[in-house]
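1. Below are the sequence and a predicted model; questions follow.
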Amino acid sequence: MTKSSVVNKTFLLLIILFSVQDFVFAKRSFFEPSDISIFRKAYPDVEFESEYDNELSDWKIIITENDEQTVLYWAEGRMLPKDKLSNEEYYSKILYSYPTKIPDPKNFTEEDITKIREYSSSENRQSSGGTPQFFFDAIYDCNTQGSTEKHIVKLTFLGKKVNLHERMKEPLSKVEKEIKELAKKDSEVNNFVKKLSSASGYYWRTIRDSGNKSFHSLGIAVDILPVGWNQKNIYWGWRRDLDPDNWMKTPLDRRWMPPKKVVDIFEKYGFIWGGKWVIWDNMHFEYHPELILYREKENNIHFPFMIK
């Protein structure tokens, strides 16, 4: 092979290499992250515009809700304001894998248990930003207690009074209607409805062991308690107070559980259930249609509420 041939081949390879790099960059900057479509589907009355910021090499998301605009950056799914981008690793991604089944402690390995202890420790919870609130502040206008309470309304759920964000009125009423219909022919669901003691929603507070706002502070979470709930374990934190080292091993049959059909109905209309978290909260339901949609995408399953 002549020297000129080697030079020509090297030059050709460099052209190909730079062309591929240019294509990858163009693709990255031309096509917005696919998961943005999940938020559009989860909140169809909210406008999501996107444009690529070449200076920051990230997607700028312009959220318009009720004529109010909020500008956030994608930040690999964290939805952060510009001044938080330098510290993005402090926050969790908004979309995560919400389980299809309850994590069963009988299947935990010692490594699993160690990780759960570390994750649930006060030190870890205090040092983490958790789920960033900026996106939810934009959707629910809940940056301050004053702005949030303009949207809090009095609702009833299965005969119990509960204060929640006005956005919860429609999905929660659909949950209630379907549970009532099912209770007419299903004895377990009927018993659940009859033994419901209370329902609580909006409460401006931070999460235990953390400086982060609870989703109760947004008015999008509801806790339901049955009569005699304290005969079984219902919340990991209360169990941890009694058994700091082994609370995560609490067998499922020693935890209070709403009927699976009730949980399915909540999920059908966009609520997730805290009983499916490893750090379990079995009385807790939280409105996150984006997580139900994300699970649908991951597992190729479908829920009727997604049909618009």
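-> Cool, got the structure. This is a predicted model, so every value here is computed, not measured.
2. pLDDT below threshold where in the stretch 151-300 of the chain?
-> Across the stretch 151-300 of the chain, the ranges flagged by pLDDT under 70 are 208-211, 300.
3. Mind jotting down where the helices sit in the stretch 151-300 of the chain?
-> Per DSSP state H, counting those that start in this stretch, the stretch 151-300 of the chain carries helices over the ranges 169-183, 187-194, 236-242, 260-268, 289-299.
4. Any buried residues in the fourth one, and which?
-> By that I understand helix 260-268. Using 16 or more other C-beta atoms under 10 Å as the test for burial, helix 260-268 gives 262, 263, 265, 266, 267, 268. The way it works is simple: take the backbone N, C-alpha and C, and place the C-beta from them, glycine included.
5. May I see these arranged in a markdown table, with distance to residue 137 as well?
-> Output for these, formatted as a markdown table (distance: C-beta to C-beta, whole Å):
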| residue | distance to residue 137 |
| --- | --- |
| 262 | 30 |
| 263 | 28 |
| 265 | 29 |
| 266 | 24 |
| 267 | 25 |
| 268 | 27 |
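6. on that earlier part again, and residue 38, which of the helices of the stretch 151-300 of the chain is closest to it?
-> Nearest to residue 38, of all those, is helix 289-299, at 4.8 Å by C-beta to C-beta.
7. Count the residues that sit near residue 121.
-> For residue 121, the count of nearby residues is 12 (other C-beta atoms under 10 Å).
8. Also residue 145?
-> Residue 145, neighbours per other C-beta under 10 Å, totals 10.
9. Quick check: the gap between it and residue 201.
-> Using C-beta to C-beta, to the nearest Å, residue 145 is found at 15 Å from residue 201.
10. what do you get for residue 134?
-> As judged by C-beta to C-beta, residue 134 and residue 201 stand 22 Å apart.
11. repeat for residue 272
-> Counting by C-beta to C-beta, the gap from residue 272 to residue 201 is 15 Å.
12. right, and residue 287 touches residue 216 too?
-> No: using C-beta atoms under 8 Å, residue 287 makes no contact with residue 216, being 11.4 Å away.
13. Mind checking which of the two has more residues around it?
-> residue 287 (26 against 22).
14. beta partners of that one?
-> residue 271 (DSSP bridges).
15. What are the boundaries of the strands in this structure?
-> 47-53, 58-65, 68-73, 152-157, 160-165, 196-200, 221-226, 271-273, 284-287 (DSSP state E).
16. so what strands line up beside the second one?
-> Note on strand 58-65: by DSSP bridges, its sheet partners are strand 47-53 (antiparallel), strand 68-73 (antiparallel).
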